[in-house]
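>>> Quick one, structure for this:
(2 chains)
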Protein chains: 2
Amino acid sequence: MSLQRRRTDGMNSRGGASAEPATERGRQSRQRILEAAERVFGEKGYFPASITEITRGAGVAQGTFYVHFKSKREVFNELLEALGERVRHTAAAAVVGATNRVEAEERGLKAYFDFVNEHPNWYRIVRQAEFVDAAAFRNYYRKLPSGYQRGLRAAMARGEIRSTDPETLAFCLMGVADLIGMRWPYWTGQPIPRHAFDAMMRFIQHGIVPAGRQASTEPRPDANSWGT
Amino acid sequence: MSLQRRRTDGMNSRGGASAEPATERGRQSRQRILEAAERVFGEKGYFPASITEITRGAGVAQGTFYVHFKSKREVFNELLEALGERVRHTAAAAVVGATNRVEAEERGLKAYFDFVNEHPNWYRIVRQAEFVDAAAFRNYYRKLPSGYQRGLRAAMARGEIRSTDPETLAFCLMGVADLIGMRWPYWTGQPIPRHAFDAMMRFIQHGIVPAGRQASTEPRPDANSWGT
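Next up is the predicted model:
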């Protein structure tokens, strides 16, 4: 997936003045800088990383960096926003066609864990963001649940899940995704084992589905939890 | 609560050689350094913090720091271990006398959120640890769930909660505590609002308690969720 910015108003994500590159060559440099920054911030960490390491990784001159970004923090914040958008799109695409909320959760979580496996640097970047720019981090975490809450609210209206405070439920479910994502795909570097995924889904399902609807959503031993 | 080390074998928590201070004055200096480090790492962050800021905050000479600690990282790791022990003790003390697992979870979570309110720096230190010392961070996160898993396993044996994989369940519940703790006590600086605490508890309760036992643990409108 491309890291190219989706904004076309010539303003960067922080309202700064660095313009969208006018040339194809400029766009390619910018893209290479973002990709190198993702590697360097992910592998080494934001604070120990230097702009020199990023430009070296991108194969561009130091001066080229400053054509596109004002600072290390600006490239970090743009990366965080682009990666957040990417993970939201991945999760949203995964739930298309789900016939109920539990299935949507299951598909979204599976897609999320696969994303963590494929992009461990993304995971580290998000987790560092709190200490790089607390406001950008909160913004990242607030964007995620607002769309998520709409989905939960709609499922409550349909009676598929228990009526409750959607914001609390969104943070509960994100918390589960966060630590299960840390324990398995992130720490092990391997896809989440089936037993852990299924135990997590049973906890979520019982936690959100009214008792009267449980029967139809009980995991079947022959069911393919992976939705593939 | 005291931050003084509980080890008495003359080795520090990382197996290093810095000895337990022999004098009362030495113990006081060490304690002041740890307390200043908690403030500096919490408020400013580990990476931007300097040893000079810590010694200035503690009111000790730079040389005194090196009598007790080899490096900034060593003081950070010791702080992380001491704080982890403290939060485990606080949560364990809170659940004494709980008559069932849901009540134990409720008391433990309330104590945890209160702890985050009273020690926002602790929260920031734990979240930074991943980038300071990945091994120490994993160790911290692995110590928490091992005792927690024993409690969950015992509750499964008693039939109070559904039989499931205890490690997965422990990480699910810690994830809920982590993000709800971030969203309310940490972000707002205020105690968690009652509606959020209750919505979280309903999610957990339905998630872990078998349907046949739900009636007795359904939240009563007049129940005092805070256990105070």
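>>> Quick check: the gap between the residue nearest the centre of chain A and residue A:114.
In chain A, the C-alpha nearest the mean C-alpha coordinate belongs to residue A:87, at 3.5 Å (Cα atoms, centre = their mean). According to Cβ to Cβ, to the nearest Å, residue A:87 and residue A:114 sit 11 Å apart. Glycine gets a C-beta too; all of them are placed from N, C-alpha and C.
>>> shouldn't residue A:62 be in contact with residue A:51?
Yes. Using Cβ atoms under 8 Å, residue A:62 is in contact with residue A:51, at 6.9 Å.
>>> any idea how far the strand or helix carrying residue A:109 is from the chain center?
Using DSSP states H and E, residue A:109 maps to helix A:101-118. Here the centre of helix A:101-118 is set off from its chain's centre by 11 Å, with Cα atoms, centre = their mean, to the nearest Å.
>>> do the same with stretch A:166-184
Here stretch A:166-184 is found 12 Å from its chain centre; the criterion is Cα atoms, centre = their mean.
>>> again with stretch A:70-80
Taking Cα atoms, centre = their mean, the mean C-alpha location of stretch A:70-80 is offset from the chain mean by 17 Å.
>>> Which stretches in chain A count as helices?
Along chain A, counting by DSSP state H, helices occupy A:24-43, A:51-58, A:62-68, A:72-95, A:101-118, A:120-132, A:134-157, A:166-181, A:187-188, A:194-208, A:214-217.
>>> Wondering if the fifth one reaches chain B at all.
Just to be clear, that refers to helix A:101-118. No. Using Cβ under 8 Å from any Cβ of the partner chain, helix A:101-118 stays clear of chain B, with a minimum separation of 11.4 Å.
>>> Pull up the gap between residue A:43 and chain B, please.
11 Å (Cβ to the nearest Cβ, to the nearest Å).
>>> Contact partners for the residue lying closest to that residue once chain neighbours are set aside?
Excluding the flanking residues, the one nearest residue A:43 by Cβ to Cβ, 6 or more residues apart in numbering or on different chains is residue A:121, at 6.6 Å. Neighbouring residues of residue A:121 by Cβ atoms under 8 Å, 6 or more residues apart in numbering or on different chains: A:38, A:39, A:41, A:42, A:43.
>>> Now list the buried members of those residues.
A:38, A:41, A:42 (16 or more other Cβ atoms under 10 Å in any protein chain shown).
>>> So the first one sits against residue A:124, correct?
It stands for residue A:38. No. At 9.7 Å, residue A:38 and residue A:124 do not qualify as touching, with contact defined as Cβ under 8 Å.
>>> where does chain A have low pLDDT?
Across chain A, the ranges flagged by pLDDT under 70 are A:1-19, A:144-145, A:215-228.
>>> Mind splitting it into its structural domains?
A:24-69, A:75-212 (automatic domain parsing).
>>> For residue B:132, find the nearest of these.
If you check each of those against residue B:132 by Cβ to Cβ, domain A:24-69 wins as the nearest, at 8.9 Å.
>>> for that closest one, the distance to its chain's centre please.
The answer for domain A:24-69 is 21 Å, by Cα atoms, centre = their mean.
>>> what's the span of that domain, first residue to last?
This stretch, domain A:24-69, spans 17 Å end to end (Cα to Cα, to the nearest Å).
>>> looking at it, residue A:156 is touching residue A:164, isn't it?
Yes. Applying Cβ under 8 Å as the test, residue A:156 and residue A:164 come out as touching, 7.3 Å apart.
>>> what inclination does the helix holding residue A:109 have with respect to helix A:72-95?
Per axes from the mean of the first three to the mean of the last three Cα atoms, to 10 degrees, the angle that helix A:101-118 makes with helix A:72-95 is 140 degrees.
>>> which residues sit against helix A:101-118?
Contacts for helix A:101-118 (Cβ under 8 Å, 6+ apart): A:87, A:90-91, A:93-95, A:98, A:122-123, A:151-152, A:155, A:160-161, A:173, A:177, A:180-181, A:184-186, A:189-192, A:197, A:200-201, A:204-205, A:208-209, A:217, A:225-227.
>>> Type out the ChimeraX command that picks the buried ones from those.
Buried members of these, defined by 16+ other Cβ under 10 Å, are picked up in ChimeraX with:
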select /A:87,90,91,94,95,98,122,123,151,152,155,160,161,173,177,180,181,184,185,186,192,197,200,201,204,205,208,209,217,225,227
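>>> Show the overlap between the contacts of helix A:101-118 and what lies near chain B.
Residues of those in contact with chain B (Cβ under 8 Å from any Cβ): A:177, A:180, A:200, A:204, A:208.
>>> farthest pair in these?
A:180 and A:208 (15.8 Å).
>>> List just the nearest of the buried ones among the contacts of residue A:121 to residue A:73.
Checking the buried ones among the contacts of residue A:121 against residue A:73 with Cβ to Cβ, the nearest one is residue A:41 at 10.9 Å.
>>> Now do the closest one against residue B:102, distance only.
41 Å.
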